[in-house]
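In: Next come a sequence and a model predicted from it.
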Amino acid sequence: MWSHFRAEQTSRAAADVCDLCVSDHFLVMFSLPFVKPQLQFVKRTRRRWADFDIVKFEDELAATELMTTDSTDVNFLFQLYDTTLRSLLDKHAPERTVNRRLRPQTPWYDTDLIWSQRQCVKMASELFAWSYVFRSY
């Protein structure tokens, strides 16, 4: 991970260099006087759609007042639609609250970088396709 710091943000840190005798590389260990931010969580309400049975839902929906009413009152129909669907959804796919960890903001990961990554993947896949064509000759 590459990081950049202003001079006034950092103090000179002691570095240890270790030779692991594995290759011509050395291990450089140091610590910086930065505090890791505390983890933040947010509560979200979700429905579990994986176990949702559409056939049972449609059967129960067909037997509700929503499908049999002759009313033309828009407010009544809207209220009936809302309560009927909410009650059926609560029965077939109940809501549950989950705790999700917020990811830290990365200001350097912007739309330009996302676009560049997509272009690199696109060019790599085209290169792979062309190399496959030329290998067959």
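Out: Received the coordinates, thanks.

In: For the nearest residue to Arg47 once chain neighbours are set aside, give me its contacts.
Out: Leaving aside its sequence neighbours, Arg47 sits nearest to Ala93 (Cβ to Cβ, 6 or more residues apart in numbering; 4.3 Å). (Each C-beta comes from the backbone N, C-alpha and C, glycine too.) Each residue near Ala93 by Cβ atoms under 8 Å, 6 or more residues apart in numbering is listed here: Arg47, Arg48, Trp49, Asp51, Phe52.

In: What about the first one, how many residues nearby?
Out: Yep, that's Arg47 we're talking about. Counted with other Cβ atoms under 10 Å, the neighbours of Arg47 add up to 13.

In: Over to the third one?
Out: Counted by other Cβ under 10 Å, the residues lying close to Trp49 total 8.

In: and the gap between the most centrally placed residue in the chain and Asp16?
Out: Centre of the chain computed as the mean C-alpha position; nearest residue by Cα atoms, centre = their mean is Arg103, 9.4 Å away. For Arg103, the distance to Asp16 equals 32 Å [Cβ to Cβ, to the nearest Å].

In: And for Asn75?
Out: Distance from Asn75 to Asp16, by Cβ to Cβ: 74 Å.

In: Just say helix, strand or coil for Val17.
Out: Put simply, Val17 is strand when judged by DSSP: H, G, I helix; E, B strand; the rest coil.

In: Surely it is in contact with Phe30?
Out: No. Checked against Cβ atoms under 8 Å, the pair Val17 and Phe30 is beyond contact range at 9.6 Å.
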